[in-house]
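J.: any chance you could fold what I've pasted below:
(one chain, ligands or ions: 3)
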Amino acid sequence: MSAPLENTLATPVGITLDRYIMRKQAEFPFATGELSQLLRDIVLAAKIVNREVNRAGLMDITGNYGAQNVQGEQQQKLDVVANIRFIRALKNGGEACAILSEEDDDIIHTGNDQGRYVVAMDPLDGSSNIDVNVSIGTIFSIYRRVSPIGSKSTKEDFLQGGRKQVAAGYILYGSSTMLVYTTGHGVVCFTYEHSLGEFFLSHDGVEIPKQGAIFSCNEGNWFEYPEWVRTYLLQCKQRSYSGRYIGSLVADYHRNLFKGGIYLYPPTAKNPNGKLRLLYEAYPLAFLIEQAGGKALAGAEAVLDIEPTDYHQRAPLFIGSSEMVDDLVACLTAEAAQSQVVG
Ligand SMILES: O=P(O)(O)OC[C@H]1O[C@](O)(COP(=O)(O)O)[C@@H](O)[C@@H]1O
Ligand SMILES: [Mg+2]
Ligand SMILES: [Mg+2]
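T.: Ligands and ions are numbered 1, 2, ... in the order given. Prediction:
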């Protein structure tokens, strides 16, 4: 047999996402397969969005859409395209009875009133990077509904609290396209093989290093940051950590997940509760990071313990390697103790 053929055949084709989901489902005798199917529906939409992200420059889907979302942000055309693609896939899939999206004011009833799950999502994360070919992503969070099956989903389905998520994850549209998710049994990562149209298992049991040497935050807001955050950032610089900030939460998070590091979006004068949204940015990434052995705080409080009150509420986010987050908290505690002494 010729060498090239041997080489080709020597390259094992990995475990597809579908195969992995089926194997995992078999580990849970009471699993009904609906959550598995919901994950597949999300992945189908991600494949379509990935195709549109890759060729956005060739199609008329770059630039402003010319409308604002509930956050008062200018929607990008790809924000709207991704939103439509995910909503359509979830409606057709039948497992989700309702959706909460960053791009829509209110929850979207899918018409699948028999569906047992609800999905909160950020269809396109890193919108400021869409037109400049920098990595962007999609973030999702899944809950089992608390409203009666067969009825219309209600606000309570989405305001259950971060620790009630049954699954969460993101898709990163970067130099390669990756799916990272958890169902509360560790973090798993799949890489998309474009030519086969399949996600293959690439990293199982992902764990973030306890310590890292990367800090990610928009230092353009330096003068608006609380003193204790500036103290921590100075500490990072004194320790010669590297500053890395892509400006796409998913991309900054993903790098730190694999290399170790900390991402900070503190409260600022402009955003006293931070910029990031609790239900479809902070909660899902916090669930993932805790499953990977890291930490996610909004100050002294764990992100997953924040009481949700509103669909689009914001929260400060300090997330990453556990020892780096501990060092940040030490700065907060020291400042509080200091002000008591002075006080
Ligand atoms: O430009 P800033 O203030 O640094 O904010 C960047 C942050 O805002 C976001 O773009 C917010 O997410 P969206 O793009 O989904 O609105 C994050 O991805 C990113 O980390
Ligand atoms: Mg976002
Ligand atoms: Mg977004």
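
J.: residue numbers of this protein in contact with ligand 2?
T.: Those residues of the chain that sit near ligand 2, judged by CB under 5 Å from the ion, are D122, D125. The C-beta positions use only the backbone N, C-alpha and C, and glycine is treated the same way.

J.: domain assignment for the chain?
T.: As recorded under automatic domain parsing, the domains making up the chain are 17-203, 214-342.

J.: L78 contacts E52, doesn't it?
T.: Yes. Under the criterion of CB atoms under 8 Å, L78 is in contact with E52, at a separation of 7.0 Å.

J.: so which bits of this protein are right by ligand 1?
T.: Taking CB under 6 Å from any ligand atom as the criterion, the chain approaches ligand 1 at residues E73, E102, D122, D125, G126, S127, S128, N218, G247, S248, L249, K275.

J.: one more time with 8 Å
T.: Taking CB under 8 Å from any ligand atom as the test, the list of the chain residues beside ligand 1 reads 71, 73, 79, 102, 122, 124-129, 136-137, 139, 217-218, 220-221, 245-252, 263, 265, 275-277, 281.

J.: S141 contacts V166, correct?
T.: No. Counting by CB under 8 Å, S141 stays clear of V166, with 9.2 Å between them.

J.: number of residues surrounding the closest residue to T183 other than its chain neighbours?
T.: Across the structure, with CB to CB, 6 or more residues apart in numbering as the measure, the residue nearest T183 apart from its sequence neighbours is A167 (4.6 Å). Using other CB atoms under 10 Å, the number of residues around A167 comes to 22.

J.: and A167, what does it touch?
T.: When contacts are counted by CB atoms under 8 Å, 6 or more residues apart in numbering, A167 touches L35, L38, L39, S141, I142, Y181, T182, T183, G184.

J.: circling back to that earlier point, S141 and V166 - which one has more neighbours?
T.: Set side by side, S141 and V166 show unequal neighbour counts under other CB under 10 Å, the larger going to S141 at 30 against 17.

J.: which residues sit in contact with Y263?
T.: Under the contact definition (CB under 8 Å, 6+ apart), the residues listed for Y263 are S216, C217, L249, D252, Y253, N256, L317, F318, I319, G320.

J.: try it again with 10 Å
T.: 214-217, 244-245, 249, 252-253, 255-257, 276, 285, 289, 296, 317-320, 324 (CB atoms under 10 Å, 6 or more residues apart in numbering).

J.: ok, D204 next?
T.: I15, Y20, G186, V187, V188, C189, F190.

J.: just the buried ones out of those residues, please.
T.: If you count burial by 16 or more other CB atoms under 10 Å, the buried members of the contacts of D204 come out as Y20, V187, V188, C189, F190.

J.: is the fourth one in a helix, a strand, or coil?
T.: The three-state label for C189, taken from DSSP: H, G, I helix; E, B strand; the rest coil, comes out as strand.
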